[in-house]
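In: kindly generate the corresponding structure for this input.
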Amino acid sequence: MDIYKDTLFASHKREPLTRANLSSIIGKTEETVKDGISITSLLPFFEKYRIPLRVFDCTYKLVFKHNPPLTSRDHPKAMYVLQKNNHIYTLNHDLKRLKQKLHEDYGFTLSASENYYINEKEKYNTFKMLENIDDVLKVIKTHIAKHPDEKDDVQVSFNCVYKTDNLEKLLFEIIGAGYDPQINFNAGNIQRIVLRLQKRFTFLVTSQQLLPDSIDGQIDCNHEDEYNNMYVAQGEFYDALFNPSHKSYYSSHDIDILDEYRTIAQSGQLKQFGPKTKLTEIDVSKAYTNALQQIEKIPIFNEFDIFLDYDQHELEDLTLYVAKTINGNLFLNKKFNLVYGSVLKQLKADDYEITQYKRPSKVKDVDYKSIVRQLYDNPISDLPEDDKLIKKTIANVNIGLLEKGTNKKTKSILFEDLNECKFFQSEFGGKIIVIDEHERSNLLKTNYCDHGLDFGIEEKVLQSVKILRDVTASKRVYCLV
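Out: This is a model prediction of the structure:
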């Protein structure tokens, strides 16, 4: 009725369409429609008023259409609706693009780029911090008050974060209020919630986690200014470190060698320990950050810098060598190892044999010390311990991204009905993730790895597991990823 309130349902009409008239046309009563009504049951209404109808499923694939016979005097406004979770939702956003795509299949078509993507921002977003769903309406009211002359068709987006970063809780608040949000689920957590309101307001609620496709980079800011300071610091560090002119380009043969011979983490034990043996962690403070600051030059390769058989030339610091292990040790822990010349110079020549080398076409000077200095000189949090931890996390996350070797692309659709979720899984594949509504302990939001094992991780984790076992889910939804 909202769509046609100014036409068919307008009060100035000679015979305005009312709810009672509508019930009579479709042959239903207020009692019989309480349990729901199908699209086909509504067809008499669309036939009588010659209104085109388009019904889409949750992947925006056209599943039903009605084209009534029209005369030259008929100019009806077509109705676009989405069918999901046994509900019908009116589509009123981006209809022009939807009309152009009527004959295309949507579905879960995903593709990930083979290139290393660098996110180049022209400016940094400002985020609003939400504490509950009521804050969403406050944001809208504040915006309208500040822009009283703004037209109703102007699209407005708000970038937000949730104070406790418990997006599951916010998700169920939104669902409980009668809305059907979109989500992005990755690395075991909800990474983003997209909520559209009043046809023109879009809320993009993003996880505070710095790496959306990893379990690392967890941040928990409790104040809006602190999060925005962190976001800008993260962006500036990233932009300075990931200079597009520093990118290397590799052939498919290079990639095969890099995948097969790349360095692996050292893992093992020097002596046998029992399951209850107490150990002490030995760690180097800001080890990755310190190592980054020692780098003053970097090699840049292109597709023409191929691997060549070793010609016994003197070792070059930034040339990449394939070293065959003769006497294995903690560093030479594979049959073939990729090692830069600067590292090979520190190893015993009797422990390895060089088989191939790859010389870079360019070598560039870098000043990573100033990048790190800028990060630590600018305050992020008023609390010294939080400020230190946030900066350490920003540095570690970005340094880790330098070793990124794969691109991932995911798409998520939320369902309240398991059978409907299984239907789309059978059509598109993917896996079903169960999301339960429950109160999570703050213990689960703490990144104990950043504090060290002496923080007491064993006791805390056991307490957290016990808390989760005592919680009964009051609401459950299903996410197809």
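In: please make it C-alpha for all contacts and neighbour counts, starting now.
Out: OK.
In: neighbours of residue 369, how many?
Out: By other Cα atoms under 10 Å, the residues close to residue 369 number 15.
In: which is the next helix or strand following the worst-scoring helix or strand of the chain on mean pLDDT?
Out: Counting by mean pLDDT, DSSP states H and E, the chain has its least confident helix or strand at helix 457-470, which shows a mean of 39. On the C-terminal side of helix 457-470, the closest following helix or strand by DSSP states H and E is strand 476-480.
In: centre of the chain to the strand ranked longest in the chain, how far?
Out: The longest strand of the chain (DSSP state E) is strand 189-197. Computed by Cα atoms, centre = their mean, to the nearest Å, the chain-centroid distance of strand 189-197 equals 10 Å.
In: so what are the sheet partners of whichever helix or strand comes after it and their directions?
Out: Next helix or strand after strand 189-197 toward the C-terminus (DSSP H and E): strand 201-206. According to DSSP bridges, strand 201-206 has the following sheet partners: strand 156-162 (parallel), strand 189-197 (antiparallel).
In: in stretch 129-139, what counts as buried?
Out: For stretch 129-139, a neighbour-count test (16 or more other Cα atoms under 10 Å) marks 129-130, 133, 136 as buried.
In: and if you look at stretch 414-428?
Out: 414-416, 421-422, 424-425.
In: in TSV, list these along with secondary structure and distance to residue 313.
Out: Formatted as TSV, the buried residues of stretch 414-428 follow (DSSP: H, G, I helix; E, B strand; the rest coil; distance: Cα to Cα, whole Å):
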residue	secondary structure	distance to residue 313
414	strand	60
415	strand	63
416	coil	66
421	helix	61
422	helix	61
424	helix	60
425	helix	57
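In: mean confidence for the longest strand of the chain?
Out: Strand 189-197 shows an average pLDDT of 92 in the prediction.
In: tell me the buried residues in that strand?
Out: Quick answer for strand 189-197 (16+ other Cα under 10 Å): 189-196.
In: quick check, nearest of the buried residues of stretch 129-139 to residue 159?
Out: Of all the buried residues of stretch 129-139, residue 129 has the smallest distance to residue 159: 8.9 Å, by Cα to Cα.
In: alpha carbons of stretch 297-306, as PDB, please.
Out: Only the C-alpha atoms of stretch 297-306 are listed here, as PDB (Å, rounded to 0.1, in the frame of the first residue of the first chain):
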ATOM      1  CA  LYS A 297      66.900  -1.100   0.400                       C
ATOM      2  CA  ILE A 298      64.400  -3.400  -1.300                       C
ATOM      3  CA  PRO A 299      64.600  -5.500  -4.500                       C
ATOM      4  CA  ILE A 300      62.000  -5.100  -7.200                       C
ATOM      5  CA  PHE A 301      61.400  -7.900  -9.700                       C
ATOM      6  CA  ASN A 302      59.500  -8.100 -13.000                       C
ATOM      7  CA  GLU A 303      58.500 -10.900 -15.200                       C
ATOM      8  CA  PHE A 304      61.800 -10.800 -17.100                       C
ATOM      9  CA  ASP A 305      63.900 -11.300 -14.000                       C
ATOM     10  CA  ILE A 306      63.900 -15.100 -14.400                       C
END
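In: just give me the neighbour total for the closest residue to residue 418 other than its chain neighbours.
Out: In this structure, residue 418 finds its nearest non-sequential neighbour in residue 478, 6.4 Å apart by Cα to Cα, 6 or more residues apart in numbering. Residues within reach of residue 478, counting by other Cα under 10 Å, total 21.
In: now do the contacts for residue 478.
Out: Residue 478 makes contacts with 414-418, 421, 432-435, as judged by Cα atoms under 8 Å, 6 or more residues apart in numbering.
In: repeat the analysis, applying 10 Å as the threshold.
Out: By Cα atoms under 10 Å, 6 or more residues apart in numbering, the residues touching residue 478 are 413-422, 431-436.
In: so which residues of the stretch 251-400 of the chain form strands?
Out: For the stretch 251-400 of the chain, strands defined by DSSP state E, counting those that start in this stretch occupy the ranges 297-300, 308-309, 320-325, 336-340, 352-358, 362-365.
In: among the ones you listed, which comes closest to residue 212?
Out: strand 297-300 (27.7 Å).
In: going by neighbour count, which residues in the closest one are buried?
Out: So strand 297-300, judged by 16+ other Cα under 10 Å, has buried residues 299-300.
In: tell me which other helices or strands that strand touches.
Out: In terms of contacts (3 or more Cα pairs under 10 Å, 6 or more residues apart in numbering; DSSP states H and E), strand 297-300 is packed against strand 362-365.
In: the strand it packs on: how far from the chain's middle?
Out: On Cα atoms, centre = their mean, the centre of strand 362-365 falls 34 Å from that of its chain.
In: try stretch 348-355
Out: With Cα atoms, centre = their mean, you get 44 Å for stretch 348-355.
In: list the buried residues in that stretch.
Out: 352-355.
In: wait, which of those residues is closest to residue 52?
Out: Of the buried residues of stretch 348-355, the one sitting nearest to residue 52 (Cα to Cα) turns out to be residue 355, at 70.6 Å.
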